[in-house]
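*Asks:* The following comprises the amino acid sequence and a computationally predicted model.
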Amino acid sequence: AQKVTQAQTEISVVEKEDVTLDCVYETRDTTYYLFWYKQPPSGELVFLIRRNSFDEQNEISGRYSWNFQKSTSSFNFTITASQVVDSAVYFCALSDSNYQLIWGAGTKLIIKP
Amino acid sequence: DSGVTQTPKHLITATGQRVTLRCSPRSGDLSVYWYQQSLDQGLQFLIQYYNGEERAKGNILERFSAQQFPDLHSELNLSSLELGDSALYFCASSFSGTGGNYGYTFGSGTRLTVV
């Protein structure tokens, strides 16, 4: 069965600190896609990244970076030099042969000034 | 603006009532997905339509139904509403029926409050 685990329910850091959000997934499929979404207090889901199972290359986008490791079934997300505007709930999600998204429970990130 | 339009943005209704949530997918997308986000269940897949046909069902209650029309917009009907149905309902669209490879575009959601 498919499953996404975000073990960190809430993380609180001071601005400018680096922070890593963990995501562990389970699937029996060899082809699948992993996603990260941000949900700010306003409620919308903001797409951050999509990664397919055949591309293990890490990605960096500005202050954001993602580390995909198939060996440990993990797809972790790091924010470097965090800012107050990064405060939100972050979701990791999996899409495999069932096509719909399976979501983690989310990690609430609080960045204190 | 993501290109996916959901209406209404907010809805307050009483228990036992019926409501209809509407979703217009991004131009060119053929597939529509409905998700429910509640405090106790988190984000859950409800149902998927592809080009007018039901493609997959998730944890959708029998009191809930959906359809996709020829112009590809979709409606989610919730009936005999209970307090526990209060949630944020998201619609997402995708070009194909196999969303992962093309990604998903989400609407801003409809916040339903049942009182």
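*Replies:* Yes, it's here.

*Asks:* So which bits of chain B are right by chain A?
*Replies:* B:33, B:35, B:42-45, B:48, B:55-56, B:58, B:88, B:90, B:92, B:97-101, B:103-106, B:108-109, B:111 (CB under 8 Å from any CB of the partner chain). C-beta coordinates here come from the backbone N, C-alpha and C atoms, glycine included.

*Asks:* let's go with 6 Å and repeat that
*Replies:* B:42-43, B:45, B:48, B:56, B:98-100, B:103, B:106, B:108-109 (CB under 6 Å from any CB of the partner chain).

*Asks:* Bridged to B:E54, which residues?
*Replies:* Here B:E54 shows beta-bridge partners B:Y49, assigned using DSSP bridges.

*Asks:* and it, how far is that from A:T107?
*Replies:* Between B:E54 and A:T107 the computed distance is 33 Å (CB to CB, to the nearest Å).

*Asks:* quick one, which of the two is more surrounded?
*Replies:* Set side by side, B:E54 and A:T107 show unequal neighbour counts under other CB atoms under 10 Å in any protein chain shown, the larger going to A:T107 at 21 against 12.

*Asks:* Please name the spatially closest residue to residue 52 (chain neighbours excluded).
*Replies:* Looking at chain A here, since you left the chain open. Nearest residue to A:N52, sequence neighbours excluded (CB to CB, 6 or more residues apart in numbering or on different chains): A:Y33, at 5.3 Å.

*Asks:* actually chain B
*Replies:* Once its chain neighbours are removed from consideration, B:G52 has its nearest residue in B:Q68; the separation is 5.1 Å (CB to CB, 6+ apart).

*Asks:* Repeat that for A:P40.
*Replies:* In space, A:P40 comes closest to A:A88 once its chain neighbours are excluded; the distance is 4.5 Å by CB to CB, 6+ apart.

*Asks:* and that neighbour, bridged to which residues?
*Replies:* Beta-bridge pairing of A:A88, defined through DSSP bridges, involves A:L109.

*Asks:* Am I right that it is in contact with A:P41?
*Replies:* No - in this structure A:A88 lies outside contact range of A:P41 using CB atoms under 6 Å: 7.3 Å.

*Asks:* higher neighbour count, the two?
*Replies:* Shown here are A:A88 and A:P41; by other CB under 10 Å, A:A88 has more neighbours (19 against 7).

*Asks:* so who does the residue nearest to A:P40 touch?
*Replies:* For A:A88, the contact set (CB atoms under 6 Å, 6 or more residues apart in numbering or on different chains) comprises A:38-40.

*Asks:* Buried subset of those residues, written for PyMOL?
*Replies:* One line in PyMOL is enough to select the buried ones among those; burial here means 16 or more other CB atoms under 10 Å in any protein chain shown:
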select buried, chain A and resi 38+39
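
*Asks:* where along chain A do the strands fall?
*Replies:* Read by DSSP state E, chain A holds these strands, from start to end of the chain: A:3-5, A:10-14, A:19-21, A:24-26, A:33-39, A:46-52, A:59-61, A:64-69, A:74-79, A:88-95, A:101-103, A:107-112.

*Asks:* from the residues of chain B next to chain A, which ones fall inside strands?
*Replies:* In this view, the residues of chain B next to chain A that belong to strands under DSSP E are B:42-43, B:45, B:48, B:56, B:106.
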